[in-house]
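Peer 1: Provided below are the primary sequence and the corresponding predicted coordinates.
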Amino acid sequence: MGKKTGFMEYSREKGKEQPPLERIKNWKEYASRLTDEALQIQGARCMDCGTPFCHMGMEIRGSAAGCPIHNVIPEWNDLVYHGKWKEALERLLLTNNFPEFTGRVCPAPCEGSCTLAISDPAVAIKSIERAIIDKGFENGWITPRIPVHRTGKKVAIVGSGPAGLAAADQLNQLGHSVTVYERSDRAGGLLTYGIPNMKLDKDVVERRVQLLSDEGVHFILNTEIGKGVTADELKKEFDAVILCTGATKQRHLRIEGSDSEGVVLAMDYLTSTTKSLLDSNFEDGQYLDMKGKNVIVIGGGDTGADCVATAIRQNCKSVYQFGKHPQLPEHRAVDNPWPTNPQVYKLDYAYAEADAKYGRDPREYCIQTKKIVADSNGHIKELHTIQMEKVISDEGYVYFNELPGTEKVWPADYVFVAIGFEGTDSGVAEQFGVKVTNNRIAAKVTNYATNVEGIFAAGDARRGQSLVVWAINEGRNVAESVNSFLRTQAIAQ
């Protein structure tokens, strides 16, 4: 513990951000890091707890509590406080393959479980983490790690999202030959096409993919299983296969008029926007332009917020985001105690931008969409809603009552549906003969093995829609299981 009284002397300082009205004019990352001196002060706030809940990494009531990849946070906080940035990087990389991703897009459950957060603002863990890895790249401390020996074993990974990349990194460093198959034209999965550029610059993703490639990981893009290559071919060519296909099956809106033109799935909107940005800086016109449009986003989560921020950058006329739950409280509720992840009201980046541009938070709470009405050409023109009341019965069951007299009609040119994901697309799993249960690939949590020998699964495809940091955790764990499988296989031979 570098500064014994740091937590009493210093206040939490938030990372730097471009002012909302400036950043909505571009697609660059809106957040940047603090100065080294400011970050050292933030590191000094860490209390080096005897029991550091920040890296316990478990789920409580379905929500992450502490870091799922068990980053030893107090150690690198202390090293940063002492100005030992390179040593902090070495400690960080022992547990986290991709701090440049988590330091940008992770909701930081570690901070929610910080002991200091019981009574004061948490240690700025996420800001420190991002600074450590960024300095590592800037100072040339991160270079390709070429495995000295190869085992002769070959592993195929289907899907290049964070789980697939983490598994590839781990297995490659163990000396196995790894080939990653990706159906899109760029590697990265949701890191590339699911998260907007202003939250995670795609140069950051491409830099990591290139580093993995330099280290020996082979990437095959624009290749879908069953088209460019078959499951049987992969089984024959490789000693093991890992399915990291994600939870890409979007949940559809099923109400009157939901088939109207202008009702678009959120990820389709975000993907086409990012692809056009990367391909041509929007000159190809292969995206939906919300300029001058009335936009409504249905779904109160992060994907919906990303749609709000994207539409704002396209200069939409208006934007609202509908959610079925009440507004979160300013402080933890009784049933949301520390060290669980705090479910409290925040003005995240997209909402701060809407507030700055339109003078209001775009979120509407406890609202139910009843029907969508189209014009004579079949394109959406309005959306009908009613307010609801959330009720919790004596038995603990939650249900919603509609409130008569609260009906409202909203003008709308586009509606983006961001109500979550049903699970993985079962097509790939079926080609391998792998069982799918409840829209998830059935793989054991103990060793990530499926019902087919030599076929494993990890990430959102196995656990369902989740955080990037959980995907990295799954990728690391499945790599360990596959390595054990390959070693057993080698001994048997």
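Peer 2: Good, I have the coordinates.

Peer 1: drop to CA atoms for contacts and neighbour counts, all remaining ones
Peer 2: Will do.

Peer 1: so who does the residue nearest to Leu211 when sequence neighbours are not counted touch?
Peer 2: Distances taken as C-alpha to C-alpha, 6 or more residues apart in numbering place Pro144 nearest to Leu211, at 6.1 Å, with adjacent residues excluded. For Pro144, the contacting residues are Leu211, Leu212, Asp214, Glu215, by C-alpha atoms under 8 Å, 6 or more residues apart in numbering.

Peer 1: Please indicate which of the residues you listed has the highest neighbour count?
Peer 2: Taking other C-alpha atoms under 10 Å as the neighbour criterion, Leu212 ranks highest of the contacts of Pro144 with 21 neighbours.

Peer 1: could you measure it against Arg363, distance?
Peer 2: 40 Å (C-alpha to C-alpha, to the nearest Å).

Peer 1: now Val391
Peer 2: In terms of C-alpha to C-alpha, Val391 sits 20 Å off from Arg363.

Peer 1: how about the nearest residue to Ala131, chain neighbours excluded?
Peer 2: Nearest residue to Ala131, sequence neighbours excluded (C-alpha to C-alpha, 6+ apart): Arg33, at 6.3 Å.

Peer 1: which residues touch the one you found?
Peer 2: Arg33 touches Gly15, Lys16, Ser127, Arg130, Ala131, counting by C-alpha under 8 Å, 6+ apart.

Peer 1: ok, back up a step: I'd like the contacts of Pro144 laid out as TSV, including pLDDT, secondary structure and distance to Val295.
Peer 2: Listed next are the contacts of Pro144 as TSV, based on pLDDT from 0 to 100; DSSP: H, G, I helix; E, B strand; the rest coil; distance: C-alpha to C-alpha, whole Å:
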residue	pLDDT	secondary structure	distance to Val295
Leu211	98	helix	39
Leu212	98	helix	39
Asp214	98	helix	43
Glu215	98	coil	44
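
Peer 1: does Pro213 really touch Phe219, like I thought?
Peer 2: Rather than Pro, residue 213 is Ser. Yes: between Ser213 and Phe219 there is a contact under C-alpha atoms under 8 Å: 7.2 Å.

Peer 1: Have a look at the two and say which one is more surrounded.
Peer 2: Phe219 (18 against 15).

Peer 1: Please look at Ile312 and Asp355 and confirm they touch.
Peer 2: No: counting by C-alpha under 8 Å, Ile312 sits too far from Asp355 to count as a contact (10.8 Å).

Peer 1: More neighbours: which of those two?
Peer 2: Using other C-alpha under 10 Å as the criterion, Ile312 and Asp355 rank with Ile312 on top: 23 against 16.

Peer 1: who's in contact with Phe7?
Peer 2: Ala44, Arg45, Cys46, Met47, Leu116.

Peer 1: make it 7 Å
Peer 2: Ala44, Arg45, Cys46, Met47 (C-alpha atoms under 7 Å, 6 or more residues apart in numbering).

Peer 1: how many other residues sit next to Glu237?
Peer 2: 12.

Peer 1: For beta bridges, what are the partners of the nearest residue to it once chain neighbours are set aside?
Peer 2: Spatially, and ignoring its direct neighbours in sequence, Glu237 is nearest to Lys154 (7.9 Å; C-alpha to C-alpha, 6+ apart). Beta-bridge partners for Lys154, by DSSP bridges, are Ser177.

Peer 1: any idea how far Lys154 is from Gly423?
Peer 2: 28 Å.

Peer 1: who's more crowded, those two?
Peer 2: The residue with more neighbours, out of Lys154 and Gly423, is Gly423; 24 against 19, by other C-alpha under 10 Å.

Peer 1: Tell me how far the more buried one lies from Ser280.
Peer 2: 32 Å.

Peer 1: swap in Ile419?
Peer 2: 30 Å.

Peer 1: got it, and Leu94?
Peer 2: 38 Å.

Peer 1: same thing with Ala122?
Peer 2: 41 Å.

Peer 1: Equivalent analysis for Gly164, please.
Peer 2: Gly164 is 28 Å from Ser280, by C-alpha to C-alpha.

Peer 1: Tell me which of the two has more neighbours.
Peer 2: Neighbour count, other C-alpha under 10 Å: between Gly164 and Ser280, Gly164 has more, with 33 against 11.

Peer 1: Tell me, what's the model's pLDDT at the more buried one?
Peer 2: We have a pLDDT of 98 for Gly164.

Peer 1: cool, and Gly2?
Peer 2: For Gly2, the model assigns a pLDDT of 69.

Peer 1: ok, now which ones touch the closest residue to Thr115 other than its chain neighbours?
Peer 2: Spatial nearest neighbour of Thr115, excluding adjacent residues (C-alpha to C-alpha, 6+ apart): Phe53 at 6.9 Å. Phe53 sits next to Gly66, Ser113, Cys114, Thr115 when contact means C-alpha under 7 Å, 6+ apart.

Peer 1: ok, now Val80?
Peer 2: So Val80 contacts Gln40, Gly43, Ala88 (C-alpha under 7 Å, 6+ apart).

Peer 1: Output the residues you listed as JSON lines; include the columns distance to Ile225, neighbour count and secondary structure.
Peer 2: Formatted as JSON lines, these follow (distance: C-alpha to C-alpha, whole Å; neighbours: other C-alpha atoms under 10 Å; DSSP: H, G, I helix; E, B strand; the rest coil):
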{"residue": "Gln40", "distance to Ile225": "48", "neighbour count": "21", "secondary structure": "helix"}
{"residue": "Gly43", "distance to Ile225": "46", "neighbour count": "33", "secondary structure": "helix"}
{"residue": "Ala88", "distance to Ile225": "40", "neighbour count": "24", "secondary structure": "helix"}
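
Peer 1: Once you drop chain neighbours, what's closest to Leu383?
Peer 2: Ile372 (4.6 Å).

Peer 1: Can you verify my assumption that the one you found contacts Gly257?
Peer 2: Yes: applying C-alpha atoms under 7 Å, one finds Ile372 in contact with Gly257, separated by 4.5 Å.

Peer 1: Between those two, which has more neighbouring residues?
Peer 2: More neighbours surround Ile372 than the other of Ile372 and Gly257, with 23 against 18 (other C-alpha under 10 Å).

Peer 1: The more buried one belongs to a strand?
Peer 2: Yes: applying DSSP: H, G, I helix; E, B strand; the rest coil, one finds Ile372 inside a strand.

Peer 1: helix/strand/coil for Phe137?
Peer 2: helix.

Peer 1: number of nearby residues for it?
Peer 2: Neighbours of Phe137 using other C-alpha under 10 Å come to 13.

Peer 1: residues contacting it?
Peer 2: When the contact criterion is C-alpha under 7 Å, 6+ apart, Phe137 has no partners at all.
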